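Student: when you get a sec, could you give me coordinates for this:
(one chain, ligands or ions: 2)
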Amino acid sequence: MALSYSNCPSISRLAPARPKLQAPFSGPSYSYGQSRRDFSQISHRSTRNKSFNVGYMLEASSDLTSTSRETLSKKHENGGLPTVRSDESKLSAAISISREAATVSITVVGASGDLARKKIFPALFALFYEDCLPEHFTIFGYARSKMTDAELRTLVSKTLTCRIDKRENCNDKMEEFLKRCFYHSGQYDSEENFSDLDKKLKEHEVAKISNRLFYLSIPPNIFIDVVKCASRSASSSNGWTRVIVEKPFGRDSESSAALTRNLKQYLDEDQIFRIDHYLGKELVENLSVLRFSNLVFEPLWSRQYIRNVQLIFSEDFGTEGRGGYFDHYGVIRDIMQNHLLQILALFSMETPVSLDAEDIRNEKVKVLRSMRPLQLENIVVGQYKSHTKGGVAYPAYVDDKTVAKGSLTPTFAAAALFIDNARWDGVPFLMKAGKALHTRGTEIRVQFRHVPGNLYKRNFGTDLDRSTNELVIRVQPDEAIYLKINNKIPGLGMRLDRSNLHLHYAARYSKEIPDAYERLLLDAIEGERRLFIRSDELDAAWVLFTPLLRELEDKKIAPELYPYGSRGPVGAHYLAAKYNVRWGDLGSEH
Ligand SMILES: NC(=O)C1=CN([C@@H]2O[C@H](COP(=O)(O)OP(=O)(O)OC[C@H]3O[C@@H](n4cnc5c(N)ncnc54)[C@H](OP(=O)(O)O)[C@@H]3O)[C@@H](O)[C@H]2O)C=CC1
Ligand SMILES: O=C1O[C@H](COP(=O)(O)O)[C@@H](O)[C@H](O)[C@H]1O
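Tutor: Ligands and ions are numbered 1, 2, ... in the order given. Predicted coordinates for the structure are as follows:
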């Protein structure tokens, strides 16, 4: 059955970008560009917007033949709104032909591994299920393990699931998807093996243009070998070649800079898609919408009204199975320096000029560069120890055989960070991240200041803090946004209580929320870079954490032990108390 994109959900999330200043077809890597998801919006947009949609569409159509590209380019240069209007249907037709004229080959390097099985193949299937993959696409698994195509398909099929709201034809769809999956076994440092892959990819690239996406789902020590071999022996000869790089992006400023330098020996920055999957989470993406499209929030978004901001990550399981990796990095590098810091940057950045990837990333870099590097007195580290509960014995971190004996690696950390700019001067941004805690969840909590001269302060008793407003963005699980307000309890008396204005996603939206990897894979295929980390962002992030990480290691700071399944070390409460903050209770809406 021929596939079409027609059912792929239109993405109102991709708002029109600013017109590009450079020529749309310049540069070494083709930008297959924005999706037909954008094109589906064209007819709803104003004439004014159409002018930059042309730029957008031109970029999108970089896989057109040169003649049609030139024709489209000329139309753009003419500034030609009238032309655009009259030629809209021709343009759409040309673009749809162009899409048929390109194959996208997706190679998952490290296909035998955990992430590939758990996240990448299921995300690709979900995109296929939603008709979001191009008509001509092929998926190749690449790793050292010996496997046939059939064995890969069996491996992959075990983790595929169908969308809960659309179960029809699920098995057919799975079969169809699996038929497009192939496997090539090879070494990560063998150009010859990548040349063989190249030949196999070519056999499946039926369209005129071949675009290639490599997903590096492998340990970081082999990133460069793979990039070197893939770029020399298996990059596209007439379309784009992009590489998704998984974290960790180094261990500190130096190693991260070295990684970037080495990647750039073989790739241009715009071919590198550094993934932080938290940026693909629905509520993280919604942060900007909440802030910049609701008048009620943005005016309050500063030191004037916000007392503190909390970014809390908690997992109710340990490092099971990933101790080897984790012990080399620890929770500060694994969660704080990337996932939580990225959320912080989006939360606190100034209004970008537009929703264009570069404009957003410019603002993120600015705010990161306004932050104070973390200091030892503003951090508490912990490590889980064994604990028996209900007759079940839970292991200590150091019981993991892949973890070094006597390891001091933190599995928990709490930190106070500060942004030294006019908007946020003096506001503590508190981060807390831990494994093997009592619950699983990620939340952003915004505690507002007291109401000055509050007429009702008598009604709150002595604990004024309980009467301040709090905005909670529950990133996961059970996505929700709620605002804690004070309210009069109905009746003849004047008693107040705390109530929540509540947006509960499961109740409000029937559609299942896509996994972060789906969104990010689709963006990478479409050349949308907004949710990927630029190298200067990464540098700025490491500057904040590197001195502290070095000090922790040099001074061999011992983590405070906490029982598996507990709420973490008490030191985290002392740290918060130092800044007059009480941690929000994750998952609790009271
Ligand atoms: N798993 C997860 O939940 C997450 C993982 N990541 C990152 O994604 C990447 C992949 O993670 P994950 O799938 O867990 O990793 P794995 O440890 O499962 O490794 C993936 C594959 O790489 C090959 N490999 C493993 N170790 C080595 C080695 N020392 N030298 C050469 N090849 C090796 C193996 O394939 P073969 O032997 O067949 O060649 C393995 O199947 C990593 O960078 C990780 O940090 C990021 C976020 C979450
Ligand atoms: O990047 C990582 O993220 C996972 C948590 O991701 P989530 O989407 O399940 O919240 C974490 O378990 C892992 O240690 C870390 O490397």
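Student: and the stretch 251-400 of the chain, which of its residues are near ligand 1?
Tutor: By C-beta under 6 Å from any ligand atom, the residues of the stretch 251-400 of the chain that approach ligand 1 are Tyr325. Heads up, the C-betas are built off the backbone N, CA and C, glycines and all.
Student: next to ligand 2, which bits of the stretch 251-400 of the chain? Give me the list.
Tutor: Counting by C-beta under 6 Å from any ligand atom, the stretch 251-400 of the chain sits next to ligand 2 at 277, 315, 334.
Student: including neighbour count, secondary structure and pLDDT, could those residues go into JSON lines?
Tutor: Putting these into JSON lines (neighbours: other C-beta atoms under 10 Å; DSSP: H, G, I helix; E, B strand; the rest coil; pLDDT from 0 to 100) gives the following:
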{"residue": "His277", "neighbour count": "20", "secondary structure": "helix", "pLDDT": "97"}
{"residue": "Glu315", "neighbour count": "18", "secondary structure": "coil", "pLDDT": "98"}
{"residue": "Asp334", "neighbour count": "24", "secondary structure": "helix", "pLDDT": "97"}
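Student: could you pull out the strands in the stretch 101-250 of the chain for me?
Tutor: 102-109, 136-143, 181-185, 209-216, 241-245 (DSSP state E, counting those that start in this stretch).
Student: and the first one, does that touch ligand 1?
Tutor: This means strand 102-109. No - Strand 102-109 does not reach ligand 1 (C-beta under 6 Å from any ligand atom); its nearest approach is 8.0 Å.
Student: from the contact counts, what lies against that strand?
Tutor: Here strand 102-109 touches strand 136-143, helix 191-204, strand 209-216, helix 223-233, helix 516-526, going by 3 or more C-beta pairs under 8 Å, 6 or more residues apart in numbering; DSSP states H and E.
Student: which one of the residues in this structure is closest to ligand 2?
Tutor: Ranked by C-beta to the nearest ligand atom, the top residue of the chain for proximity to ligand 2 is Asp334, at 4.7 Å.
Student: phi and psi next, for the closest residue to Arg498 other than its chain neighbours.
Tutor: Computed as C-beta to C-beta, 6 or more residues apart in numbering, the closest residue to Arg498 that is not its neighbour in sequence is Lys484, at 5.7 Å. Note on Lys484: backbone dihedrals following degrees, to the nearest 10 are phi -80, psi 120.
Student: for Lys484, what are its contacts?
Tutor: In this structure, Lys484 makes contact with 469-472, 498-500, judged by C-beta atoms under 8 Å, 6 or more residues apart in numbering.
Student: just the buried ones from the residues you listed?
Tutor: The neighbour count (16 or more other C-beta atoms under 10 Å) marks 469-472, 500 as buried among the contacts of Lys484.
Student: quick check: of the residues you listed, which lies closest to Asn362?
Tutor: For Asn362, the closest of the buried ones among the contacts of Lys484 turns out to be Leu471, at 26.0 Å, with distances computed as C-beta to C-beta.
Student: which SSE is the residue nearest to the closest one when sequence neighbours are not counted in?
Tutor: Setting aside the residues directly before and after it, Leu471 is nearest to Val446 in space (C-beta to C-beta, 6+ apart), at 4.2 Å. Element membership for Val446, per DSSP states H and E: strand 441-448.
Student: give the pairing partners of that strand; include direction for each.
Tutor: Strand 441-448 sits in its sheet next to strand 306-314 (antiparallel), strand 470-476 (antiparallel), going by DSSP bridges.
Student: what is the mean pLDDT for the last one?
Tutor: I take that to be strand 470-476. Along strand 470-476, the predicted local confidence has a mean pLDDT of 97.
Student: flag every residue of this structure that's near ligand 2.
Tutor: Contact residues of the chain with respect to ligand 2, defined by C-beta under 6 Å from any ligand atom, are listed as 277, 315, 334.
Student: ok, the residues you listed vs ligand 1, which is closest?
Tutor: Proximity of the residues of the chain next to ligand 2 to ligand 1, judged by C-beta to the nearest ligand atom, is greatest for His277, which lies at 6.6 Å.
Student: what sits against that closest one?
Tutor: 119, 339, 516-517, 520.
Student: run a quick neighbour tally on the closest residue to ligand 1 within the chain.
Tutor: With C-beta to the nearest ligand atom, the shortest gap between the chain and ligand 1 falls at Gly113, namely 2.4 Å. When counting by other C-beta atoms under 10 Å, one arrives at 17 neighbours for Gly113.
Student: just checking, it touches Arg144?
Tutor: No - distance between Gly113 and Arg144: 10.7 Å, which falls outside the contact criterion (C-beta atoms under 8 Å).
Student: secondary structure class of Tyr482, three-state.
Tutor: Classification of Tyr482 by DSSP: H, G, I helix; E, B strand; the rest coil places it in strand.
Student: start at 40 instead
Tutor: Will do, 40 is the new start, and the previous item becomes Tyr521.
Student: that one bridge partners, please.
Tutor: With DSSP bridges as the criterion, Tyr521 is bridged to Val511, His541.
Student: I'd say it and Asn539 touch.
Tutor: Yes - taking contact to mean C-beta under 8 Å, the distance of 4.3 Å between Tyr521 and Asn539 places them in contact.
Student: can you list the residues of the stretch 140-289 of the chain near ligand 1?
Tutor: Residues of the stretch 140-289 of the chain that fall close to ligand 1, judged by C-beta under 6 Å from any ligand atom: 149, 151-155, 182-184, 227, 256-259, 261, 285-287.
Student: are any of the residues you listed buried, and which?
Tutor: The neighbour-count test (16+ other C-beta under 10 Å) marks 149, 151-152, 154-155, 182, 227, 256-257, 259, 285-287 as buried among those.
Student: was I right about Ser256 contacting Val282?
Tutor: No - with contact defined as C-beta under 8 Å, Ser256 and Val282 do not form a contacting pair (11.5 Å).
Student: can you tell me which residues contact Leu413?
Tutor: Taking C-beta under 8 Å, 6+ apart as the contact definition, Leu413 lies against 454, 456, 583-584, 586-587.
Student: so which of these are in helices?
Tutor: By the criterion of DSSP state H, membership of the contacts of Leu413 in helices covers 583-584, 586-587.
Student: reformat those residues as TSV; add pLDDT.
Tutor: Shown next, in TSV, are the ones in helices among the contacts of Leu413 (pLDDT from 0 to 100):
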residue	pLDDT
Leu583	98
Phe584	98
Pro586	98
Leu587	98
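Student: could you turn the buried ones of those residues into a ChimeraX selection?
Tutor: For selection in ChimeraX, the members of the ones in helices among the contacts of Leu413 meeting the burial criterion (16+ other C-beta under 10 Å) are listed in this command:
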select :583,584,587
